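K.L.:
structure here, sequence nowhere to be found:
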């Protein structure tokens, strides 16, 4: 993508800098100048501004890194490290685990701890998927009282252009009786999900299509423990 | 809701970046889709500016615009957050198991407290009392308690494999400090071979290349074997020097006293001592003074009490330094990297010792 933007070029330039730094293709002012073709002085101001708002930070060696402000935007209570930390168990070793939140009749993967086992599709942070095919949506909705679930789904209805029927269909995913975990089989693969205690997140285990039942049961128990004991 | 930015924040070096941050913060705080009008009101910026920022952020997938024209955080925010989180995987709890309450380990604990304060981490410190089974159990306890990082001053070179494997399965890095141990993910030590060589060379110089020498090792860990090997290499360059006695101490002066008494009983004419650590050297020194013997001793550590003897003219005449704070800092750096899932290019690091003797003791600041 070229550096352009008719009205706010600095935002686009900043995005290019973040692309380069987050992928590790350029982490110093010199490397960024070469890569982006931005004059040194402009880049210096831009880097200063990005550091001021914590979009970028410098390591002790002077190298640039993505700043902590982004994690504050997406996870203001800083729950994700705690929950993923609780997933560090032998029974979840190698598995992809994600943390999802409900958004209307969709779920958003807030973050993903990638595993080593092959999945039909790999979830990515920020990706959205339909609630109907997500075990996470059922887990989140079922953990809420009915009226709270209705408010949660409706909050994004206008943004997503959902009809009343869409809202009703989404709310139908809610199980009146809470379960230990919720399961779905989707184009992304098989999912097991547990609501994360005290939050509106669901912790989702992404399983390969064919995976031994005994290992799955162990992983499900570990997932449930992590969602409750984080 | 977001607090409108301060006057200084409104300016900034590149105002569009400051304003973009304010828009993203407002939407994050609201936790629901926000309209342009709401964003204009909350940020306090002109509507045309907020609109331009929102368009640019949407183009960059940092915002997502809905069917009703409202904005939410875009997928790129979550991607960048994930990248930032992966780098700054916080360390909340550090477990440290060490052999015994001896000054070197206490100096390490002091350095560890400083590092823990810097990281905002809690420390869980236990002495293994020189017992392998106790140290293995302590590692398992750190695992069960969900520690983020385990540091050990090993009491053994082997026998902790199962405990380390449990830690590895739980993705908790184990970093050995001071001596290598099978099963640890990384090790930070003094270059012990060089330390032994420096001390052995100093002893050879003190004896003018002639004499009968006793070597007192420490507990059975790689660090002590390396020091003795280094010392023997240095002494072997002097055919006039013979190692007439070897013994083993532990980590304290009492063990040095025992070793010295035994050696003097069997080899009363010994001309010099090499001690694997300074506390053993202190014990030997005590015995030699009691026997009114003027025999040079060299050790390894750079500890305060040994350095005071060097300043006073002996019997300890030289010590090769260890640097407890540097060992701890290095171990923490490696531990943080391993904890975040990064690969560490050099999982075995050696800190170079220096020899402290009468020539440079005045400028050396000992630990302990």
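P.N.:
Looks like it came in fine. Only a predicted model underlies this, so the values are computations on that prediction, with no experimental measurement involved. Numbers count the residues shown, from 1 in each chain, chains lettered A, B, ... in the order given.

K.L.:
how distant is stretch B:282-296 from the center of its chain?
P.N.:
From the chain centre to the centre of stretch B:282-296 is a distance of 34 Å (CA atoms, centre = their mean, to the nearest Å).

K.L.:
tell me who's in contact with the nearest residue to residue B:137 once chain neighbours are set aside.
P.N.:
Beyond its immediate neighbours in the sequence, the residue positioned closest to residue B:137 (CB to CB, 6 or more residues apart in numbering or on different chains) is residue B:163, lying 7.7 Å away. Every residue, glycine included, has its C-beta placed from N, CA and C. Contacts were defined as CB atoms under 8 Å, 6 or more residues apart in numbering or on different chains; by that measure residue B:163 touches B:135, B:136, B:137, B:139, B:140, B:143, B:183.

K.L.:
pretty sure residue B:289 contacts residue B:315?
P.N.:
Yes - with contacts counted by CB atoms under 8 Å, residue B:289 reaches residue B:315, the gap being 7.0 Å.

K.L.:
the two: which has the busier surroundings?
P.N.:
Shown here are residue B:289 and residue B:315; by other CB atoms under 10 Å in any protein chain shown, residue B:315 has more neighbours (22 against 12).

K.L.:
residues contacting residue 192?
P.N.:
In the absence of a named chain, this looks at chain A. A:135, A:181, A:182, A:183, A:204, A:205, A:207, A:216, A:219, A:220, A:223.

K.L.:
not quite, I wanted chain B
P.N.:
Applying CB under 8 Å, 6+ apart, the residues near residue B:192 are B:179, B:222, B:223, B:224, B:226, B:227, B:230, B:300.

K.L.:
so which of the contacts of residue B:163 belong to helices?
P.N.:
Judged by DSSP state H, the subset of these located in helices is B:135, B:136, B:137, B:139, B:140, B:143.

K.L.:
and of those residues, the nearest to chain A?
P.N.:
Distance to chain A across these (CB to the nearest CB) is lowest for residue B:143, with 9.9 Å.

K.L.:
in contact with the closest one, which residues?
P.N.:
Contacts of residue B:143 by CB under 8 Å, 6+ apart are B:150, B:163, B:166, B:167, B:170, B:172.

K.L.:
in helices, which of these fall?
P.N.:
Of these, the ones assigned to helices by DSSP H are B:163, B:166, B:167.

K.L.:
format the residues you listed as a markdown table; extra columns: pLDDT.
P.N.:
Conversion of these to a markdown table gives the following (pLDDT from 0 to 100):
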| residue | pLDDT |
| --- | --- |
| B:163 | 95 |
| B:166 | 90 |
| B:167 | 90 |
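
K.L.:
domain ranges for the chain?
P.N.:
In the absence of a named chain, chain A is used. In the assignment given by automatic domain parsing, the structural domains of chain A cover A:9-72, A:75-229.

K.L.:
should've been chain B
P.N.:
Using automatic domain parsing, the domain parsing of chain B gives B:7-86, B:93-189+B:325-351, B:192-323+B:355-363.

K.L.:
ok, and the most crowded of the contacts of residue A:192?
P.N.:
Taking other CB under 10 Å to define a neighbour, the member of the contacts of residue A:192 with the most is residue A:204, carrying 30 neighbours.

K.L.:
can you list the strands that the helix or strand where it lies pairs with?
P.N.:
Assignment of secondary structure by DSSP states H and E places residue A:204 within strand A:201-207. For strand A:201-207, the paired strands and their directions (DSSP bridges) are strand A:96-103 (antiparallel), strand A:189-195 (antiparallel).

K.L.:
which elements pack onto the very next helix or strand once past the first one?
P.N.:
Think strand A:96-103. Elements were assigned by DSSP H and E; along the chain past strand A:96-103, the next helix or strand is strand A:106-113. For strand A:106-113, the helices and strands in contact under the criterion 3 or more CB pairs under 8 Å, 6 or more residues apart in numbering or on different chains; DSSP states H and E are helix A:80-86, strand A:96-103, strand A:128-130, helix A:135-142, helix B:75-87.

K.L.:
just the angle between strand A:106-113 and helix B:75-87, please?
P.N.:
With axes from the mean of the first three to the mean of the last three CA atoms, to 10 degrees as the criterion, the two stretches strand A:106-113 and helix B:75-87 enclose an angle of 20 degrees.

K.L.:
who does strand A:106-113 pair up with?
P.N.:
Sheet pairing of strand A:106-113 (DSSP bridges) gives strand A:96-103 (antiparallel), strand A:128-130 (antiparallel).

K.L.:
low pLDDT regions in chain A?
P.N.:
Scanning chain A for pLDDT under 70 picks out the ranges A:1-6, A:60-61, A:116.

K.L.:
no further questions, thank you.
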